[in-house]
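Asks: Return a 3D structure for these sequence lines:
(4 chains)
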There are 2 protein chains.
Amino acid sequence: MEITRIAEGAKGFEKVFAFLRERLLAGSLKPGDRLVPERELALQLGVSRPAVREALRALTMLGIVEILDRVGTVVRRPDVSVLGDFFTFALAQQADLIDDVMEARIAIECQAVRLAATRASIADFERMQRALTTIAETIDDADAGGMADFEFHAAIVLAAHSETLSVLHGSMGALLTRSHRSRRELVQAFGTMKTYLIDDHRRIFDAIVARDPERADTTLRRHFAIGDEYRRQAVLGLAEPRKASGE
Amino acid sequence: MEITRIAEGAKGFEKVFAFLRERLLAGSLKPGDRLVPERELALQLGVSRPAVREALRALTMLGIVEILDRVGTVVRRPDVSVLGDFFTFALAQQADLIDDVMEARIAIECQAVRLAATRASIADFERMQRALTTIAETIDDADAGGMADFEFHAAIVLAAHSETLSVLHGSMGALLTRSHRSRRELVQAFGTMKTYLIDDHRRIFDAIVARDPERADTTLRRHFAIGDEYRRQAVLGLAEPRKASGE
DNA sequence: CCGTGCGTTCTGGTCTGACCAGTATGATGA
DNA sequence: TCATCATACTGGTCAGACCAGAACGCACGG
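Replies: Residues are numbered from 1 along each chain as shown, chains lettered A, B, ... in the order given. So this is what the prediction gives:
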């Protein structure tokens, strides 16, 4: 059973990457395992160490392995970070994608809220309740308020108990919060905004507690629509920047 | 304006990566641009070429950059492939995530179908119509049928005209189709399955054509639910593997 | 004058071998 | 027996070199 059997034709990086991919996909390399040292891997595959490092770095970027300085390389369970990086770069080059991403976020959350209405545990309820309280408390603080808002929505997704949904939502949240804070400042001016923020979230929470997926979805969807409408009016109506320090 | 200003403390890979990230996020490196040669980049940043290669390889994994053999490195618009790789690895190590991913797919498609009902163009209608026809034609072929099925759903997402939704859907589709084919074979046994496949998709299409987002969503959601039910029954009822050659 | 062909230059791809700096482990001493 | 220290081992990096193919420009032929 030759080790170099895999990816015979390939050279260097490709060879190492293919080798490791096989092992990872086949399951012979599981999360927590420590990889063989770079030098030995290079010997086994008949490639140079730089080639091995490239492959390891590539896997690191995919979140598959983690390189521990002066310790070794270990396989880890993939997590959000990769997607976060990806979206960060992707959106940086297409800022107009933000509305696009917002739509995806709505998609995720609406599905999540349905699942949450079915699966939410006591702990989930508590987390959401806590976020609701924070929202009410920070209603006059655009910065903390935005954070609290996001916390509540994140709590919903968590309550869905879906790893994938959490991952996707998390990766989008990272950059949406950035653009959101500025937008929220605009909207803050509206007097009705406060009751909207508090009551709307409350209604969503109630629907989840009531174990009513349909109502939860509808309410959440309307919540987004109203927020959109507020922003639209804010942009059109009072485009007066009230703060000189434009971030 | 020193080039090495960025990430002064960092060394090697980190330095190069930070440098390029800054350029990419700031927009001074746009899709289509050709990066400076590896050697020159190494010189500018005062690092070795292997370090540069690692950074470039990392960006390649993120889909930000494309290394063209013996030509150069160019910035490209990020696309699906990265997420596909990620999910491939992620699911290999956690097969139980498949149901999880399925939920995410439902989330994406339900949002997409709403948007599609609003934004779908003639071309989109045609694409969906074509897929519907193919579904009907390949109704007895598990393999081609699954493909056609996926085509239709993909057409819905395309009709939403949302880059992000497309990306997410595409990345999930890559691996869902794999597990789907086998599942579809199971389900194929049911006689009512054929009408379900044809009529249900037709109904979804009709709702989109009618520009009725709500109905489209509801119909699609029910479509998934029914499919789930079929699969459940198939697994429970006739768990007899009819083919010895297990792929 | 224009077009084709060839050669130089430049690109990424890779390798070799070496050094550095912490870690981990074992042997050694108290 | 336990604490301490030396050494082997790890990843991180560097330097310089070679290869093969692509790109470009120049010279030659039509």
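
Asks: DNA strand C contacts on chain A?
Replies: Residues of chain A lying close to DNA strand C by Cβ under 7 Å from any atom of the strand are A:11-14, A:46-51, A:54, A:70-71. In short, each C-beta sits where N, CA and C put it, glycine included.

Asks: Using pLDDT, spot the least trustworthy of those.
Replies: Least confident by pLDDT among those: that is A:Lys11, with 77.

Asks: Please identify the helix or strand for that residue.
Replies: Here A:Lys11, judged by DSSP states H and E, is contained in no helix and no strand.

Asks: Which pLDDT value belongs to whichever residue of chain A sits closest to DNA strand D?
Replies: Nearest residue of chain A to DNA strand D (Cβ to the nearest atom of the strand) works out as A:Pro37 at 3.3 Å. Looking at A:Pro37, its pLDDT stands at 93.

Asks: right, and the helix or strand after the helix or strand of chain A with the lowest mean pLDDT?
Replies: Across the helices and strands of chain A, mean confidence by mean pLDDT, DSSP states H and E is lowest for helix A:163-187: a mean of 71. Later in the chain than helix A:163-187, the nearest helix or strand by DSSP H and E is helix A:192-209.

Asks: ok, residues contacting that next one?
Replies: A:113, A:116-117, A:120, A:125, A:128-129, A:131-132, A:135-136, A:139, A:145, A:149, A:152, A:156, A:159, A:187, A:215-216, A:219-220, A:222-223, A:226-227, A:230 (Cβ atoms under 8 Å, 6 or more residues apart in numbering or on different chains).

Asks: and if we set it to 7 Å?
Replies: A:113, A:116-117, A:120, A:125, A:128, A:132, A:135-136, A:139, A:152, A:159, A:187, A:215-216, A:219-220, A:223, A:226, A:230 (Cβ atoms under 7 Å, 6 or more residues apart in numbering or on different chains).

Asks: Give the buried residues for that helix.
Replies: Across helix A:192-209, burial judged by 16 or more other Cβ atoms under 10 Å in any protein chain shown covers A:193, A:196-197, A:200-201, A:203-205, A:207-208.

Asks: Now do the helix or strand hosting A:Ala55 and helix B:49-61, the angle between them.
Replies: Here A:Ala55 sits within helix A:49-61, counting by DSSP H and E. With axes from the mean of the first three to the mean of the last three Cα atoms, to 10 degrees applied, the angle from helix A:49-61 to helix B:49-61 works out at 30 degrees.

Asks: Tell me the residues of chain A that contact chain B?
Replies: Residues of chain A lying close to chain B by Cβ under 7 Å from any Cβ of the partner chain are A:24-25, A:30-31, A:50, A:53-54, A:57-58, A:61-64, A:77-78, A:82-83, A:85-86, A:89-90, A:92-93, A:97, A:100-101, A:103-104, A:106-108, A:110-111, A:115, A:162-165, A:168.

Asks: which stretches of chain A aren't confidently modelled?
Replies: A:1-9, A:80, A:95-96, A:174-175, A:177-192, A:237-247 (pLDDT under 70).

Asks: OK, now which residue of it is nearest to DNA strand C?
Replies: Counting by Cβ to the nearest atom of the strand, chain A gets nearest DNA strand C through A:Gly12, at 2.5 Å.

Asks: Assess the claim that that residue and A:Leu45 are in contact.
Replies: No - contact criterion Cβ atoms under 7 Å: A:Gly12 and A:Leu45 do not qualify, at 9.1 Å.

Asks: Between those two, which has more neighbouring residues?
Replies: When A:Gly12 and A:Leu45 are compared for neighbours, A:Leu45 comes out ahead with 22 against 16, by other Cβ atoms under 10 Å in any protein chain shown.

Asks: what number of residues lie near A:Ile122?
Replies: 7.

Asks: swap in A:Ala123?
Replies: Neighbours of A:Ala123 (other Cβ under 10 Å): 10.

Asks: before we move on, what about A:Leu236?
Replies: A:Leu236 has 8 nearby residues by other Cβ under 10 Å.

Asks: Of the contacts of helix A:192-209, just the buried ones, PyMOL syntax please.
Replies: Buried residues among the contacts of helix A:192-209 (16+ other Cβ under 10 Å), as a PyMOL selection:
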select buried, chain A and resi 113+116+117+120+125+128+132+135+139+152+159+187+215+216+219+220+223+230
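
Asks: Secondary structure of A:Ser28: a strand, I assume?
Replies: No - judged by DSSP: H, G, I helix; E, B strand; the rest coil, A:Ser28 forms no part of a strand; its state is coil.

Asks: Which among the residues of chain A next to chain B count as buried?
Replies: A:24, A:50, A:53-54, A:57-58, A:61-64, A:78, A:82-83, A:85-86, A:89-90, A:92-93, A:97, A:100-101, A:103-104, A:106-108, A:110-111, A:115, A:162-165, A:168.

Asks: which among those are in contact with DNA strand D?
Replies: Restricting these to contacts with DNA strand D (Cβ under 7 Å from any atom of the strand) yields A:50, A:53.

Asks: Quick check: which helices or strands does the helix holding A:Ala55 pack against?
Replies: Applying 3 or more Cβ pairs under 7 Å, 6 or more residues apart in numbering or on different chains; DSSP states H and E, one finds that helix A:49-61 makes contact with helix A:13-26, helix A:38-45, strand A:65-68, helix B:49-61.

Asks: Return the most buried member of those.
Replies: The highest average neighbour count among those, using mean count of other Cβ atoms under 10 Å in any protein chain shown, belongs to helix B:49-61 at a mean of 23.

Asks: tilt between that helix and helix B:13-26?
Replies: Going by the same axes, to 10 degrees, helix B:49-61 makes 40 degrees with helix B:13-26.

Asks: any idea how chain A splits into domains?
Replies: A:3-75, A:81-236 (automatic domain parsing).

Asks: now the first one: how far from the chain's centre is it?
Replies: Distance of domain A:3-75 from the chain centroid (Cα atoms, centre = their mean, to the nearest Å) equals 27 Å.

Asks: dump the residue contacts of the residue nearest to the residue of chain A closest to DNA strand D when sequence neighbours are not counted.
Replies: In this structure, A:Pro37 finds its nearest non-sequential neighbour in A:Gly72, 6.8 Å apart by Cβ to Cβ, 6 or more residues apart in numbering or on different chains. A:Gly72 sits next to A:34-35, A:37 when contact means Cβ under 7 Å, 6+ apart.

Asks: Setting the sequence-adjacent residues aside, check what's closest to A:Glu103.
Replies: B:Ser162 (5.3 Å).

Asks: Give me the phi and psi for that neighbour.
Replies: The phi/psi pair for B:Ser162 (degrees, to the nearest 10) reads phi -130, psi 110.
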